[in-house]
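# make a model of this:
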Amino acid sequence: MPGKTKKPKKMTAREKAARAEAKKRLQEKGVIPPDKPKLNRKKFAKEILTEWEAAEEKADLAFYLYQAVFNMVGKDMREVTPEQVGVLKALKIALETRKFTEALKAEGRAQYTIGEYVDKVFAPIMRL
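All right, here's what the predicted structure looks like:
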């Protein structure tokens with residue numbers, strides 16, 4: 001059938017070993033960079049949150065947070081990475097939180113339950 005492409009055949013164990021050896025040699029020569037260590041996500045999150053909480057002038061950080069967000073996402077994104085989806089979900093939560101609080105004010109309410117907030121704002125976005 002025209003237009004169909006063949007799937008590449010699976011590499012044999014010998015081919016995989018040869019590639020791994022070639023990669024190792026090239027890394028030793030400095031032709032390609034060494035493997036990057038995996039990010040310890042839990043440790044990274046703890047460090048960043050500790051630093052954020054310790055920071056003074058929280059209002060000043062709002063400008064830098066805005067700048068950071070729009071350095072990661074924008075109208076001209078070609079591909080959307082999982083990291084960018086996370087940033088976009090955070091933006092959506094902020095927008096929906098504003099709508100939620102405005103609706104509460106319209107009802108004459110100033111308080112709400114955590115469950116109400118989770119059901120109406122947080123959970124629907126996290127399910128996306």
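# so, low pLDDT: which residues of this protein?
1-3 (pLDDT under 70).
# so which elements touch the longest helix that the chain contains?
Using DSSP state H to define each element, the chain has its longest helix at helix 82-107. Applying 3 or more CB pairs under 8 Å, 6 or more residues apart in numbering; DSSP states H and E, one finds that helix 82-107 contacts helix 58-72, helix 123-126. From N, CA and C alone the C-beta is placed, and that goes for glycine too.
# quick one, the longest one and helix 82-107 angle?
Read that as helix 58-72. Going by axes from the mean of the first three to the mean of the last three CA atoms, to 10 degrees, helix 58-72 is angled at 130 degrees with respect to helix 82-107.
# residues in contact with helix 58-72?
Here helix 58-72 makes contact (CB atoms under 8 Å, 6 or more residues apart in numbering) with 52, 55, 83-84, 87, 90-91.
# now with 10 Å?
Contact partners of helix 58-72, identified using CB atoms under 10 Å, 6 or more residues apart in numbering, comprise 52, 55, 81, 83-84, 86-88, 90-91, 94.
# also the shortest one?
Helix 123-126 has contacts (CB under 10 Å, 6+ apart) with 88-93, 95-97, 115, 117-118.
# list the buried ones in it?
In terms of neighbour count (16 or more other CB atoms under 10 Å), helix 123-126 has its buried residues at residue 125.
# with the longest one instead?
Neighbour-count burial for helix 58-72 flags no residue at all (criterion: 16+ other CB under 10 Å).
# from the chain's centroid, how far away is that helix?
On the basis of CA atoms, centre = their mean, to the nearest Å, helix 58-72 sits 16 Å off its chain's mean C-alpha point.
# now do stretch 47-55
Relative to the centre of its chain, stretch 47-55 is centred 18 Å away, using CA atoms, centre = their mean.
# for that stretch, C-alpha coordinates in PDB please.
Output of stretch 47-55 as PDB, limited to C-alpha atoms (Å, rounded to 0.1, in the frame of the first residue of the first chain):
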ATOM      1  CA  GLU A  47      14.500  22.900  48.400                       C
ATOM      2  CA  ILE A  48      12.500  25.300  46.200                       C
ATOM      3  CA  LEU A  49       9.500  25.500  48.600                       C
ATOM      4  CA  THR A  50      11.800  26.200  51.500                       C
ATOM      5  CA  GLU A  51      13.600  28.900  49.600                       C
ATOM      6  CA  TRP A  52      10.300  30.400  48.400                       C
ATOM      7  CA  GLU A  53       8.900  30.500  52.000                       C
ATOM      8  CA  ALA A  54      12.100  32.000  53.300                       C
ATOM      9  CA  ALA A  55      12.100  34.800  50.700                       C
END
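# alright, that wraps it up for me.
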